[in-house]
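# give the three-dimensional model of this entry:
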Amino acid sequence: MFAFFYTLGIHLSVMLARIVALFHPKTRKWVEGQAIAQPSGKRQRANFHQSLNHSFTHSLIHTPTFWFHAASLGEFEQGRPVIEAVRKQYPKAKLVLTFFSPSGYEIRKDYDQVDLVCYLPADTPANVNRFLDAVQPNIALFIKYEFWHNYLHELKKRQIPTLLFSAIFRPNQLFFKWYGGFYRQMLFCFDHVLVQNKTSEELLKSIGYLNVTVAGDTRLDRVAQIAAQAKSYPEIEAFKGKTPLLIVGSAWPDDMEVLIPFLNQFTQPLKVIIAPHEINTEQIQKWQSELQGTSLRFTVYSLQWKEQEAKNNPLDILHSTLDTLFLDTIGMLSSLYRYADFVYIGGAFGDGLHNILEPAVFGAPIFFGKPHYQKFQEAHDLLQLDGAVSVTNTEELKQGFTEVYENQLVREQRADICREYVLNNAGATEKVMEVIKALQSQKGG
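Below is the predicted model of the structure:
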């Protein structure tokens, strides 16, 4: 009965999304992606699944097919070390990557370490069977979460090994409520679950799920990779000069309501780089107008434009005249953290804290808001270790920031805490690979 209403809810959600798509660009992209992933006409379906099969028929008999699923871009980055480790371990295997969210698919649709990237068709029995018939995975790997009832039960029915890795569980989740039987059934469809911490392991064992391993978070491996491959940006080096630099990553309006008054009040020398969570021209212009210092929207063309305008070296312009850069480009931020003396990460005043591990690996004191950081183990850990500070308002940010700005010893201690946390806790990918190899050995893959 629950399964019936669940599937009905999926159908209704798809119908509602089609209406919302008329007014919401992000939803429109998802609907367009679903139209490709689950075509309505028989001829369209045949063409789509024929193209899927064409990607795999050449070597299906001899090599395994790995299906990875990520909800969005963040989960993809979390699972990326495992995807690339699988590619290295099984170079002839076929790898499929699916996304639920447009923010993941649109940015990584050309990812070259897999054979196919597509949206996950909506979780109805018909879509599930068509997708699995076309892809024919030998193993399915879900990153962190995404519990789709029909997919999981069909994978179990077909005896396809299914893993969940980098998972984290909390006592208030439905799996652990007396009325959460429907959700617990989905957990038991996984052959193995690799979790981030001991608490998650204990929660799973409390409901009788025993195939669990504490492996840690593969994001730590990913940020270690990023740090090793970080790019240099002479423009940013010139902008910073010898002045301390604050980088604000994934800024939301709620974060800027706290940050802008602080920046306007802070009188010590400070350069600032702000990376908005979403690029919105009007929003950036509003923030620029509210800041008292000079600022520039930084794109790949910004320096060329400034050079032509001033007939001077754009690096000199950045160094001498600007207080704040607003990043109006994608792909730079993770490398820019190498230049930061202080970092503020957004999201905790709203939907949830964004990635604090990317700056942590480079070693910089980290600030973020409240209260929505509870879901993130690294936030709890770095707060407890005194590598990070959580603030509720401008005054708390001013007090916490001034302490590390004026006390170099405190700043260095917190920077070391953050850096060592990442390096000491990396290694989850290897543990995931051990489980994958064991399952492949059992299946003869």
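
# okay, now the unreliable bits of this structure?
Applying pLDDT under 70 to the chain flags residues 38-62, 300-320, 443-445.

# center of it, which residue is that?
Nearest to the centroid of the C-alpha atoms of the chain, with distances taken as CA atoms, centre = their mean, sits Gly74, at 1.0 Å.

# which SSE is that residue in?
If you go by DSSP states H and E, Gly74 is part of helix 73-89.

# follow-up on the earlier one: quick check: closest non-adjacent residue to the residue nearest to the centre of the chain.
Asn355 (6.8 Å; CB to CB, 6 or more residues apart in numbering). All C-beta atoms are positioned from the backbone trio N, CA, C, and that covers glycine.

# tell me how many other residues crowd the closest residue in space to Ala360 that isn't next to it in sequence.
Among residues not flanking Ala360 along the chain, Cys418 sits closest, at 3.9 Å (CB to CB, 6+ apart). Cys418 has 25 neighbours, counted by other CB atoms under 10 Å.

# quick one: Cys418 from Glu237, how far?
Here the criterion is CB to CB, to the nearest Å. By it, Cys418 lies 22 Å from Glu237.

# same question, Leu409
Taking CB to CB, one finds Leu409 at 25 Å from Glu237.

# between those two, which is the more surrounded one?
Glu237 (13 against 8).

# could you chop the protein up by domain?
For the chain, automatic domain parsing gives the domain ranges 2-216+427-443, 231-425.

# out of these, which gets nearest to Gln225?
For Gln225, the closest of those is domain 2-216+427-443, at 6.5 Å, according to CB to CB.

# list the buried residues of stretch 432-445.
Within stretch 432-445, the residues that count as buried by 16 or more other CB atoms under 10 Å are Val432, Met433, Val435, Ile436, Leu439, Gln440, Gly445.

# got the CA positions of the helix or strand containing the fourth one in PDB?
When you say that, I think you mean Ile436. For Ile436, the host element (DSSP H and E) is helix 428-443. This file holds the C-alpha atoms of helix 428-443, laid out as PDB (Å, rounded to 0.1, in the frame of the first residue of the first chain):
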ATOM      1  CA  ALA A 428      37.800   6.700   2.700                       C
ATOM      2  CA  THR A 429      38.100   5.900  -1.000                       C
ATOM      3  CA  GLU A 430      40.400   3.000  -0.300                       C
ATOM      4  CA  LYS A 431      37.900   1.500   2.100                       C
ATOM      5  CA  VAL A 432      35.100   1.800  -0.500                       C
ATOM      6  CA  MET A 433      37.300   0.200  -3.100                       C
ATOM      7  CA  GLU A 434      37.900  -2.800  -0.800                       C
ATOM      8  CA  VAL A 435      34.200  -3.400  -0.600                       C
ATOM      9  CA  ILE A 436      33.800  -3.000  -4.400                       C
ATOM     10  CA  LYS A 437      36.600  -5.400  -5.100                       C
ATOM     11  CA  ALA A 438      35.100  -8.000  -2.700                       C
ATOM     12  CA  LEU A 439      31.700  -7.800  -4.400                       C
ATOM     13  CA  GLN A 440      33.300  -8.000  -7.800                       C
ATOM     14  CA  SER A 441      35.300 -11.000  -6.800                       C
ATOM     15  CA  GLN A 442      32.100 -12.700  -5.500                       C
ATOM     16  CA  LYS A 443      30.400 -12.000  -8.800                       C
END
